[in-house]
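1. what would the 3D arrangement of this be:
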Amino acid sequence: MQSDEEMMRKAAKRADDKIGFCIHFSIYAVMNLFFFFIWLFTKNDGDSFPWFVFPLVAWGIGIVAHFLGVFAGGSFRDKLTEKEYSKLKKRNR
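-> Reported below is the predicted structural model:
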């Protein structure tokens, strides 16, 4: 059983992680729009390769990993932490 203080610390960490993801995603969206408009205004009548796709995809992979770590990985981490805690507790008896 966790104390209220521990649960409050965990809740604050999760909230910080979610805020961090929102900031990361916002910067991703703004910068990729910026890259798109640079490409759009500097291309030569359709002959220009859409180079903005490279940072869009590469950074997008990082965004997906960050999303999974924040929103899907938390429960896995909690389960693994509880399992390791139980193992350590059994050893120290």
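
2. mind listing what's buried along stretch 63-78?
-> 66, 70, 74 (16 or more other C-beta atoms under 10 Å). Every residue, glycine included, has its C-beta placed from N, CA and C.

3. ok, now which ones touch the second one?
-> By that I understand V70. 17-18, 20-21 (C-beta atoms under 8 Å, 6 or more residues apart in numbering).

4. against which helices or strands is the lengthiest helix in the chain packed?
-> In the chain, with assignment by DSSP state H, the single longest helix is helix 4-42. Applying 3 or more C-beta pairs under 8 Å, 6 or more residues apart in numbering; DSSP states H and E, we find helix 4-42 packed against helix 53-67.

5. and the next helix or strand past the helix it packs on?
-> Following helix 53-67 in sequence order, the next helix or strand is helix 73-91 (DSSP states H and E).

6. what is the mean pLDDT for that following helix?
-> Averaging the model's pLDDT scores along helix 73-91 yields 80.

7. tell me the angle that helix makes with helix 53-67.
-> 40 degrees (axes from the mean of the first three to the mean of the last three C-alpha atoms, to 10 degrees).

8. using PDB, write out every CA atom in helix 73-91.
-> Below are the C-alpha coordinates for helix 73-91, written out as PDB (Å, rounded to 0.1, in the frame of the first residue of the first chain):
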ATOM      1  CA  GLY A  73       4.600   2.600 -20.700                       C
ATOM      2  CA  GLY A  74       3.500   3.900 -17.300                       C
ATOM      3  CA  SER A  75       1.500   0.800 -16.400                       C
ATOM      4  CA  PHE A  76       4.200  -1.500 -17.600                       C
ATOM      5  CA  ARG A  77       6.800   0.400 -15.500                       C
ATOM      6  CA  ASP A  78       4.500   0.300 -12.500                       C
ATOM      7  CA  LYS A  79       4.000  -3.500 -12.800                       C
ATOM      8  CA  LEU A  80       7.700  -4.100 -13.200                       C
ATOM      9  CA  THR A  81       8.500  -1.900 -10.200                       C
ATOM     10  CA  GLU A  82       6.000  -3.700  -8.100                       C
ATOM     11  CA  LYS A  83       7.500  -7.100  -9.200                       C
ATOM     12  CA  GLU A  84      11.000  -6.000  -8.400                       C
ATOM     13  CA  TYR A  85       9.900  -4.600  -5.100                       C
ATOM     14  CA  SER A  86       8.300  -7.900  -4.200                       C
ATOM     15  CA  LYS A  87      11.500  -9.800  -5.100                       C
ATOM     16  CA  LEU A  88      13.700  -7.500  -3.000                       C
ATOM     17  CA  LYS A  89      11.200  -7.800  -0.100                       C
ATOM     18  CA  LYS A  90      11.300 -11.600  -0.200                       C
ATOM     19  CA  ARG A  91      15.100 -11.700  -0.300                       C
END
